[in-house]
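Novice: pasting the structure only:
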């Protein structure tokens, strides 16, 4: 039972050769959340409507069916973003996390993701997001 679960998980997160969209250039924290999400919507990598909106207004977008994204060679689990006063995003019931914030939640440990970003000189926020999930996050106040 454990082997079949592990195999299914690995197959779900391993990139298909030639079918992965690398988000490295988009995660350098030089864009607004609107620009970041608009590119992904335009490439049909995510839907235009968020799947979930957190209390702090972070909008969660799942990768589109058949779409696969990577960030610094880590498979992307979800895209997160919010930009204040932008109709592309929904507002949560609490205080927004920032004026503009965006990122990718990836499969990988915080230490390995941090090492990958440090190696290329990226100063994005690296945050533990769950068991084997780490967020690469850009925030503009």
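Specialist: Good, I have the coordinates. As the structure is a prediction and not an experimental result, all values here were calculated from the model.

Novice: quick one: name whatever helix or strand follows the helix or strand where residue 35 lies.
Specialist: Here residue 35 sits within helix 33-42, counting by DSSP states H and E. Later in the chain than helix 33-42, the nearest helix or strand by DSSP H and E is strand 52-53.

Novice: what lines up beside that following strand in the sheet?
Specialist: Take DSSP bridges as the rule and strand 52-53 pairs in its sheet with strand 59-61 (antiparallel).

Novice: residues contacting the partner strand, please?
Specialist: The contact list for strand 59-61, computed with CB atoms under 8 Å, 6 or more residues apart in numbering, reads 37, 40, 46-47, 50-54, 78-82, 89-90. Placement of C-beta: from N, CA and C, glycine included.

Novice: ok, stretch 108-123 next?
Specialist: Taking CB under 8 Å, 6+ apart as the rule, stretch 108-123 contacts 24, 27-29, 72-74, 106, 124, 126-128, 132-134, 136.

Novice: parallel or antiparallel, list what pairs with the strand ranked longest in the chain.
Specialist: Criterion DSSP state E: the longest strand present in the chain is strand 74-83. Within its sheet, and counting by DSSP bridges, strand 74-83 is paired with strand 59-61 (antiparallel), strand 68-71 (antiparallel), strand 100-107 (antiparallel).
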